[in-house]
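Enquirer: One predicted model, sequence on top.
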Amino acid sequence: MKPQLLLPDKRIWRRELPGGGDVVVSPGDRVQPHTPVARGQVPAPPVVVPLAQAQPLVVEGQEVQSGEVIARRKKLIGSGEEVQAPIAGKVLLISEGEVLLQPPPLALMLEAQLPGSIAAVRAGWGADVEGCFGLLRGWGSWGVSQHGILGEDVVVAAEPLTTSSLQALTMQHLRAIVAGSWGEEAPPPEVVTDIPSVLFTEPLQGRPMATPIAEALQAHKGRAVALELGQSASGGRLAFASDTPPVQQCFGPGAWVRAADGQVGRLAALGERPRFFASGIHCIPADVDLGDRTETLAVDSLEWIA
Amino acid sequence: MALAPGPVAESSLRPAPESLLGVDLGSAFTKVALFELVEGQYRLIARAQARTTTASHVYEGLEQACRQIQDITGRQLFDGEPLAGDVGGGRGVEVLSAVLSCFPPVRVLATDPEAATAARAERCLVQLLPEGNLASQVKVAAAGTWDAVVGSEAAVARALLCLGSPAPNQTVPITGDGTAIRNGLSQLAVKLAQEHVPGLADLAAAATEPLATAPAALLDLAQLIATRFGLRLAVADCGASQTTVVYATPEQGGARLTLYERPLMDVPATNAEMSAMHQALQAALGSCVAEGFTADLVVAAGALARFGRWGDPALTLLNGIQPAGVIQFALDSGSLLGQIATLARPYPDVACRIFEQDGLIGLGAAVCPRGALKPGSKALEVRWRLDEEPEQHQDVNYGDLVRIPLAPGRKASLSLYPVKQVDVGLNRPGVAATAHIDGGRVGLMVDVRDPATKSERQPWEDALA
């Protein structure tokens, strides 16, 4: 079992183009967070042009220029109404009074995001950045991948986020927020627009950030941080640069754990043999120091945080 | 539990293996079971499980579980990698087959409601593309990243255009009927899992059989059992991150999966926690079945096999699935179903035998009539006869849940006499019916409760105790 927070050690941060392209670094190159490692293109989202009652003058597959007349509505008196292409692109589809236009692809520059050296290159796809990094597995996220400086454009919100705290943080034009959890029943209202990317560290709503995670992030303020979000349906992950000497992590007394109800504590003792609990479950017991009390829980219900 | 033999499907033509290792890679546990040929019969030799996380290398949990089996049996199953295909001197197994649910859900854009239903049979996050104009469709399509677009050929082509041209590399079009979509998503899920889950590609190379998703394997097993024994069989499997209900008859099969908002990692230590866990499970089960669900046998698996009293899983099935008619309930108390399911496709005979002999513990039979009456008024008369004993009877009123003791191994002839507003499962209200039922750990359950009262557990827990 791996902990949710892997303390800093020599690790790999993989950078990958979504659709392939050219890698511009070589193994052994030193890189900084903003160093380009690969170049490629990504398709731009298509644009819908409403035609209303106008008759299309283009056909599917045709290339059009920005401002080109693509449809016209005839009038009995006076000049007809024209619909112009808002962008240059290719006509993908004409359907029931709408035209779908595909703009040219967008250039994409992939940056290293973290300082280190290039450990390996995957020709046409990307590169592996090696350095001393801590890695954190998230339990949910909003938005897209980001990178920046911890405590500056990527901030830590240990308490659960609320609409008002999110609004206040959004005003600061941040790139991302690392938060414990979302603190309200409903998701943020649509009036809160242009919110930064968010990575949540806790599995349950309304929970503050687990102490060891908050402490590790606090200790690395001012260091480079990268968030990988939305790559798959998993909860996202975060890496931060560090120069802290590596520490061996093992699951046992002293380890930080999270109980099934989201409470966080330190493992005080671990049983050697399974025993029956009041519920009838037969499992190895674990004493967890939750700060104000110690509870005996089934070890299989615990999540190892750090 | 004895099952009446039904039509027998074609036998497998593969040579009979001496040893088989079934592996179920879940989100929270890796479960392993060793089966061997003992005196001409395939039997469970040992099973073990180890706690895992989706971020861990799959070999971490697998090695731990294999070591536990080695401690019990002396057979070495893991040495840097699972020892499969090459057997000798108490080392390795002939067959290693694995199913998985330890991967991020497949993100699916469905172009119509039928395609969305088919996609919900697998571990997928499904978004239905709205009907209507292009602008609304592009808005929905652009709001996410999709692993697959599913539906009819024309609708999928249009949906892909809404994503842009060329379509994103990672988006796979899957077209066809419900079965084609289900199978396509199952294969895609395994492929994506090998990319995302550390060590899964290594396991795929070491296994002797192709990897399969847990819902696909469970459906294979359910269809196999349903065909062989002429049953309408349902399996309700509550995992740490998903609940799946698969349903099969000799003619057809289907599945419905519900992903939890948060993983269910709880191993309840107190009675209150146990009750809360079953409350959550019954809600998940309810979202997997349609109203009026019925079957001959419902098998409860996964977290449903965690209970303080035998009545706990039975009540969860009654409240969650809310079945109609007369249904036998059984429990996969050894948590073996996933491992047996791995064998359903490559070794159907073996899977069938183990399922019948080692897989289940009978909970009893449930009589679940339909029809609304005044609370407290008589709903039906239940008569039952055990072997040569005199017939017994009991009136059951609307609003009641009644348990009639009927021990495991006992068989009873049942006669049901409903009042005219009540249907006992024939779709003919007021018509009497007979059935043969098996006893079990709970016995015979007669559930004439108002459906609105079934979401709460506490008032009913003592009724099945």
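Expert: Yep, it's here.

Enquirer: thinking B:Gly442 is in contact with B:Thr316, fair?
Expert: No Gly there; residue B:442 is Val. No - look at B:Val442 against B:Thr316 with C-beta atoms under 8 Å: they stay out of range, at 11.8 Å. In this view, the C-beta of every residue, glycine as well, is placed from N, C-alpha and C.

Enquirer: The residue nearest to B:Arg345 when sequence neighbours are not counted and chain A, how far apart?
Expert: Spatially, and ignoring its direct neighbours in sequence, B:Arg345 is nearest to B:Asp220 (5.0 Å; C-beta to C-beta, 6 or more residues apart in numbering or on different chains). Taking C-beta to the nearest C-beta, to the nearest Å as the measure, B:Asp220 falls 25 Å from chain A.

Enquirer: Now do the same contact list for B:Asp220.
Expert: When contacts are counted by C-beta atoms under 8 Å, 6 or more residues apart in numbering or on different chains, B:Asp220 is found next to B:Ala212, B:Ala341, B:Ala344, B:Arg345.

Enquirer: Which secondary structure elements does the helix or strand hosting B:Ile354 sit against?
Expert: Mapping B:Ile354 onto the secondary structure by DSSP states H and E places it in helix B:348-354. For helix B:348-354, the packing partners by 3 or more C-beta pairs under 8 Å, 6 or more residues apart in numbering or on different chains; DSSP states H and E come out as strand B:41-51, helix B:214-229, helix B:337-341.

Enquirer: Name the residues that touch the shortest one?
Expert: For helix B:337-341, the external contacting residues (C-beta under 8 Å, 6+ apart) are B:22-24, B:26, B:31-33, B:47, B:99, B:214, B:217-218, B:220-221, B:235, B:237, B:299, B:301-302, B:351, B:354-355, B:359.

Enquirer: tell me the average confidence for the helix holding B:Ile354?
Expert: Per-residue pLDDT values over helix B:348-354 give a mean of 92.

Enquirer: could you dump that helix to PDB, C-alpha only?
Expert: As requested, the backbone C-alpha atoms of helix B:348-354 are provided in PDB (Å, rounded to 0.1, in the frame of the first residue of the first chain):
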ATOM      1  CA  PRO B 348     -17.100 -22.600 -17.700                       C
ATOM      2  CA  ASP B 349     -17.400 -26.100 -16.300                       C
ATOM      3  CA  VAL B 350     -14.900 -25.300 -13.500                       C
ATOM      4  CA  ALA B 351     -16.700 -22.000 -12.700                       C
ATOM      5  CA  CYS B 352     -20.100 -23.700 -12.600                       C
ATOM      6  CA  ARG B 353     -18.900 -26.500 -10.300                       C
ATOM      7  CA  ILE B 354     -17.200 -24.200  -7.800                       C
END
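
Enquirer: Quick check: neighbours of the next helix or strand after that helix in the sheet, parallel or antiparallel?
Expert: Beyond helix B:348-354 on the C-terminal side, the first helix or strand identified by DSSP H and E is strand B:361-368. Strand B:361-368 has its sheet partners listed here by DSSP bridges as strand B:325-331 (antiparallel), strand B:443-447 (parallel).

Enquirer: any residues touching the first one, and which ones?
Expert: By C-beta under 8 Å, 6+ apart, the list of residues contacting strand B:325-331 from outside reads B:1, B:294-301, B:304-305, B:313-314, B:317, B:360-368, B:414, B:416, B:424-425, B:433, B:435, B:437-438, B:440-442, B:445.

Enquirer: One more pass at 7 Å, please.
Expert: B:1, B:294-300, B:304-305, B:313-314, B:317, B:360-368, B:425, B:435, B:437-438, B:440 (C-beta atoms under 7 Å, 6 or more residues apart in numbering or on different chains).

Enquirer: Show me the helices in the stretch 1-150 of chain A, by range?
Expert: Listed from the start of the chain, the stretch 1-150 of chain A has no helices (DSSP state H, counting those that start in this stretch) to report.

Enquirer: Show the pLDDT at the residue nearest to A:Pro8 when sequence neighbours are not counted.
Expert: Counting by C-beta to C-beta, 6+ apart, the nearest residue to A:Pro8 once its immediate chain neighbours are dropped is A:Ser242, at 3.6 Å. Among the per-residue scores, A:Ser242 shows a pLDDT of 96.

Enquirer: For the stretch 51-200 of chain A, which residues score under the pLDDT cut-off?
Expert: Under the criterion pLDDT under 70, the flagged ranges of the stretch 51-200 of chain A are A:76-79, A:191-192.

Enquirer: got the residues of it near chain B?
Expert: Among all residues of the stretch 51-200 of chain A, those adjacent to chain B (criterion: C-beta under 7 Å from any C-beta of the partner chain) are A:Lys90, A:Leu92, A:Leu93, A:Ser95, A:Glu96, A:Glu98, A:Leu100, A:Gln102, A:Arg137.

Enquirer: make it 6 Å
Expert: By the rule C-beta under 6 Å from any C-beta of the partner chain, the part of the stretch 51-200 of chain A lying against chain B is A:Leu92, A:Leu93, A:Ser95, A:Glu98, A:Leu100, A:Gln102, A:Arg137.

Enquirer: The third one and B:Arg75, how far apart?
Expert: The one in question is A:Ser95. When C-beta to C-beta, to the nearest Å is applied, the distance between A:Ser95 and B:Arg75 equals 63 Å.

Enquirer: did I read that right, B:Ala283 in a helix?
Expert: Yes - judged by DSSP: H, G, I helix; E, B strand; the rest coil, B:Ala283 forms part of a helix.

Enquirer: mind listing what it touches?
Expert: Listed by C-beta atoms under 6 Å, 6 or more residues apart in numbering or on different chains, the contact set of B:Ala283 is empty.

Enquirer: hmm, 8 Å instead?
Expert: B:Ala283 sits next to B:Gly320, B:Ser455 when contact means C-beta under 8 Å, 6+ apart.

Enquirer: Now do it against B:Thr316, distance only.
Expert: Applying C-beta to C-beta, one obtains 10 Å for the distance of B:Ala283 from B:Thr316.
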